[in-house]
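*Asks:* Quick one, what's the 3D model for this:
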Amino acid sequence: MSLTTNKKKWAAYGGSVLFLFAALIIGISIGSIGIPFSTTVIVLLQEGAGIPLGADIDSVTRNIILDIRLPRVTLALLVGASLAMAGSAFQGFLKNPLADPFTLGVSSGAALGAVIVLFLGLSLPLIGAFTLPFVSVISGFLTLFLVLFFARIVQKNLATETIILAGIIFSSFLGSLMSLLIALTGEELRQIITWLMGSVSMRGWSHVLLMLPFFITGAVILFANSRELNAMVFGEETAKTLGVNTEARKISILLGASLLTGSAVAVSGTIGFVGLVIPHLVRLLFGADHRHHLPLSLLIGGGFLVLTDMAARTLIAPTELPIGVLTAIIGAPVFGLLLLRERKKL
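*Replies:* Residues are numbered from 1 along each chain as shown. Below is the predicted model of the structure:
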């Protein structure tokens, strides 16, 4: 690897880490009660790193930072990172920049599973509190399996356009099932509708801990398959000639992406465009090598959703906007501009 390439790589990681750190500090500091950035940094260093900075911060400010805003910001980071990495994996796997958890129907499948849990008040034996993310992940993975199965029936060679069209069909169908459940819902109606629009409001450390095992497992699976994703970009036959066990790797990649999507949907509802726009933006800025594309998507996707959540709770305060609404408002035109830029190059 040349010195210039090394510098570019470290610059990409350095810039992404700084962006995420700045997003975290801004997300914690800005709100109905403003907190100076320096105070936020001091409290986090004192509590997280155990650095005695000698600053006297009152208990109310500490509680706001550590017990209210930090868990919310952490959850937004995990959700944004999960959706961005899942989008990166799906786009690399299908060799199509339009692929993401939403267009492939995975988000809708995971959301339907979560709505069923909320609607019926399910709590599975042995799993208990993990019922919601577990059912979400399973239903998301099953939806993806059905999408691929249907696409294979339509076209044997599984063209990416066919898979995406099949995903849109399933997404629409599952959306209608969710609407049916909402129509049958009584007192839980407002809770389910608010959840479906996407939010990390009123979530605490319990939701972070609920999502964390799925996030870590899904991320590790995708990182372990980053080289195989690079090979699959050139086609399945090429990947086989390079010694890739494509069938096993396909299942691993789809499982990892489904774990990330399902757990994110379970704790935050359906949030669109993060998994579509962020991987595309990272690819334009830093290249398509998945060894770096996945971690950079994690950092930038996490920071993006932290800032979006901050905007959602402050733009028209005290009313809070659903994050899913803001990501669509921001993501749709941004993706349109990116698409126009790509087409002009052709």
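*Asks:* give me the element K250 is part of.
*Replies:* Assigning secondary structure by DSSP states H and E places K250 in helix 246-268.
*Asks:* ditto for P333
*Replies:* Using DSSP H and E, P333 maps to helix 323-345.
*Asks:* Okay, now the unreliable bits of the chain?
*Replies:* Scanning the chain with the threshold set as pLDDT under 70 gives 1-5, 49-55, 157-158, 186-191, 235-236, 342-346.
*Asks:* L124: what secondary structure?
*Replies:* coil (DSSP: H, G, I helix; E, B strand; the rest coil).
*Asks:* now it: how far from M178?
*Replies:* Noted for L124: a distance of 21 Å to M178, by CB to CB, to the nearest Å. For glycine as for every other residue, the C-beta is placed from the backbone atoms N, C-alpha and C.
*Asks:* go on, P318?
*Replies:* P318 is 29 Å from M178, by CB to CB.
*Asks:* could you pull out the strands for the stretch 1-150 of the chain?
*Replies:* For the stretch 1-150 of the chain, applying DSSP state E, counting those that start in this stretch gives no strands.
*Asks:* just to revisit the earlier point, comparing L124 and M178, which residue is more hemmed in?
*Replies:* Taking other CB atoms under 10 Å, L124 and M178 do not tie; M178 has more neighbours (19 against 12).
*Asks:* Wait, that one touches G109, no?
*Replies:* No: M178 is beyond contact range of G109, at 10.3 Å (criterion: CB atoms under 8 Å).
*Asks:* What residues does the residue nearest to the spatial centre of the chain make contact with?
*Replies:* What sits nearest the mean C-alpha location of the chain, by CA atoms, centre = their mean, is L83, with 1.8 Å. Residues in contact with L83, defined by CB atoms under 8 Å, 6 or more residues apart in numbering, are D100, P101, L260, T261, A264, I271, V274, G275, I278, G301, L305.
*Asks:* same deal with P213?
*Replies:* Per CB under 8 Å, 6+ apart, neighbours of P213: none.
*Asks:* Quick check: the gap between it and A266.
*Replies:* For P213, the distance to A266 - CB to CB - is 12 Å.
*Asks:* what's the angle between the helix holding K250 and helix 323-345?
*Replies:* Relative orientation of helix 246-268 versus helix 323-345 (axes from the mean of the first three to the mean of the last three CA atoms, to 10 degrees): 140 degrees.
*Asks:* Let me know the angle separating the helix or strand following helix 246-268 from helix 323-345.
*Replies:* The helix or strand immediately downstream of helix 246-268 is helix 274-286, counting by DSSP H and E. Put simply, helix 274-286 runs at 40 degrees to helix 323-345, going by the same axes, to 10 degrees.
*Asks:* Who are the packing partners of helix 274-286?
*Replies:* Applying 3 or more CB pairs under 8 Å, 6 or more residues apart in numbering; DSSP states H and E, one finds that helix 274-286 makes contact with helix 3-29, helix 70-94, helix 290-314, helix 323-345.
*Asks:* thinking again about what came up before, can you add neighbour count and distance to T238 and give the contacts of L83 back as CSV?
*Replies:* Shown next, in CSV, are those (neighbours: other CB atoms under 10 Å; distance: CB to CB, whole Å):
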residue, neighbour count, distance to T238
D100, 33, 24
P101, 34, 26
L260, 34, 26
T261, 35, 27
A264, 37, 32
I271, 31, 34
V274, 32, 30
G275, 36, 26
I278, 30, 27
G301, 30, 29
L305, 34, 35
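*Asks:* Rebuild these as JSON lines, extending it with distance to F141.
*Replies:* Output for the contacts of L83, formatted as JSON lines (distance: CB to CB, whole Å):
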{"residue": "D100", "distance to F141": "16"}
{"residue": "P101", "distance to F141": "11"}
{"residue": "L260", "distance to F141": "11"}
{"residue": "T261", "distance to F141": "9"}
{"residue": "A264", "distance to F141": "14"}
{"residue": "I271", "distance to F141": "19"}
{"residue": "V274", "distance to F141": "19"}
{"residue": "G275", "distance to F141": "16"}
{"residue": "I278", "distance to F141": "22"}
{"residue": "G301", "distance to F141": "21"}
{"residue": "L305", "distance to F141": "23"}
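*Asks:* Out of these, which comes closest to L77?
*Replies:* L77 lies nearest to L305 out of the contacts of L83, by CB to CB, at 6.9 Å.
*Asks:* quick one: contacts for that closest one?
*Replies:* Contact analysis of L305 by CB under 8 Å, 6+ apart lists A76, L77, V79, G80, A81, L83, I271, V274, I323, T327.
*Asks:* L284: which of those residues is nearest?
*Replies:* Nearest to L284 among the contacts of L305, with distances taken as CB to CB, is V274, at 16.0 Å.
*Asks:* how close does the closest residue to that closest one other than its chain neighbours sit to L340?
*Replies:* Once flanking residues are discounted, V274 sits nearest to L83: 4.2 Å by CB to CB, 6 or more residues apart in numbering. Remark: distance between L83 and L340 (CB to CB) = 23 Å.
*Asks:* again with G331
*Replies:* Separation of G331 from L340 (CB to CB) stands at 15 Å.
*Asks:* more crowded one of the two?
*Replies:* More neighbours surround G331 than the other of G331 and L340, with 21 against 9 (other CB under 10 Å).
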